[in-house]
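[1] show me the folded form of this:
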Amino acid sequence: MADELDLLRRADPVPADAPHLGDGPLPARAEQHLEQLLHGPSTAPHRPAGRFLRPARRRVRAAWGLAASAVVAVTVAALLLGSTGAPPALAAPRPLAVLADATPLPLDRLAERAERAAADGGPALRKGTHVRSWSLGMSDDEPPVTLPEERVVRWTADGRHTELVVATDPRHPGRPVLGGDEDGTPRLIEDGHVLRHRTYPPSWSDAPPQSPPPHDAAGLRAYLGEARHGDVTGTPELLDATALLLDHWTLGARESAALTRLLAEDGRLRPAGRVTDRLGRPGHAYVSEESGVRRMLILDPVTGAVLGLETTFSEDRPEYGVRAGDVMEYSAWSR
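    Have a look, this model is predicted:
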């Protein structure tokens, strides 16, 4: 509850029946573009056209993450500067800088650390999530813009849950952030503006990702495959499934150890070195690159808990107005 109260103290509430920012369906062409970027030729089903690309992950998630080119930033700034006295936070951070180690920590050794930490106790599994994300909003006919959000989901013992989503960038507290109105037009939104605040009736499900995840690597792999309605044999699919899991559950020590062991057994994430995440926490970075996209998973150096996941373009894509190194999406999870 403390997270919700803290967000609401900073919030600018809107009526429950007001139009929600970007709640329209995914533009089919934009969805296909992103599928091509991440997984090669699209097999995504056609959806009715909308304006801004919105939740495609959670498996459904706030549009794609971050960093338009300098031209886009200038264009948006020209549209918006002068509308408020405070300087806006355009929320387009550079990729995180990794401090390369001479001998970076392999995932199997981190898995051993996580298993020792879990044996000593540690936090318990909790349903719900607290995630901050920076996501690239795209449309068929407008430049991409970055949309920063903070989302808190909490469940009660009777099966009810609340979801609070606000527009905010923790790197620039109190400064307006960039969003879009119901028509998709870029505009500034005050820090803490409530995008969504809902309470849902009791819901009980024994299917992943609603059911509790197992705390062994083999069981967790099967669970993640079922949650995605497909396999997790590729690294992109495994990382997508990890993000899906963390958007529903705050993992305990045993589950974090199982996930770290699963990632180690997968064997395709390369240790890159030490990094400080966007919330100032120390971590170890593990990367995978394919199809012009680089993914970097940030793990706690002791417990193996996932701190963040950053996706960047690894090559120029002028057709999308982005360059190599631009951040497509970033998520930071916390308890």
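
[2] what lies in contact with the helix or strand encompassing A218?
    In the assignment (DSSP states H and E), A218 maps to helix 217-228. Residues from elsewhere that reach helix 217-228 (Cβ atoms under 8 Å, 6 or more residues apart in numbering): 59, 207-209, 211, 213-214, 231-232, 237-238, 240-242, 244-245, 255, 258-259, 261-262, 265. Where you see a C-beta, it was placed from the backbone N, CA and C, and this is true even at glycine.

[3] could you give me the PyMOL syntax to select whichever of those are buried?
    To isolate the buried members of those in PyMOL, using 16 or more other Cβ atoms under 10 Å:
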select buried, resi 208+209+211+213+214+232+237+238+240+241+242+244+245+255+258+259+261+262
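
[4] just the contacts of helix 217-228: which are in strands?
    Among those, none falls in strands (DSSP state E).

[5] give me the mean pLDDT for stretch 126-141.
    Across stretch 126-141, pLDDT averages out at 84.

[6] so E315 sits in a strand?
    No: assessed with DSSP: H, G, I helix; E, B strand; the rest coil, E315 is coil; it does not lie in a strand.

[7] OK, contacts around it?
    G292, A324.

[8] any low-confidence regions in the stretch 1-150 of the chain?
    By pLDDT under 70, the weakly predicted segments of the stretch 1-150 of the chain are 1-92, 137-144.

[9] return the set of buried residues in the helix holding A218.
    In helix 217-228, counting by 16+ other Cβ under 10 Å, buried: A217, L220, R221, Y223, L224, G225, A227, R228.

[10] cool, and stretch 164-179?
    L164, V165, V166, A167, T168, D169, H172, R175, P176, V177, L178, G179.

[11] cool, and stretch 305-318?
    Applying 16+ other Cβ under 10 Å to stretch 305-318 flags A305, V306, L307, G308, L309, E310, T311, T312, F313, S314, R317 as buried.

[12] cool, stretch 325-332 as well?
    Here stretch 325-332 shows D326, V327, M328, E329, Y330, S331, A332 as buried, counting by 16+ other Cβ under 10 Å.
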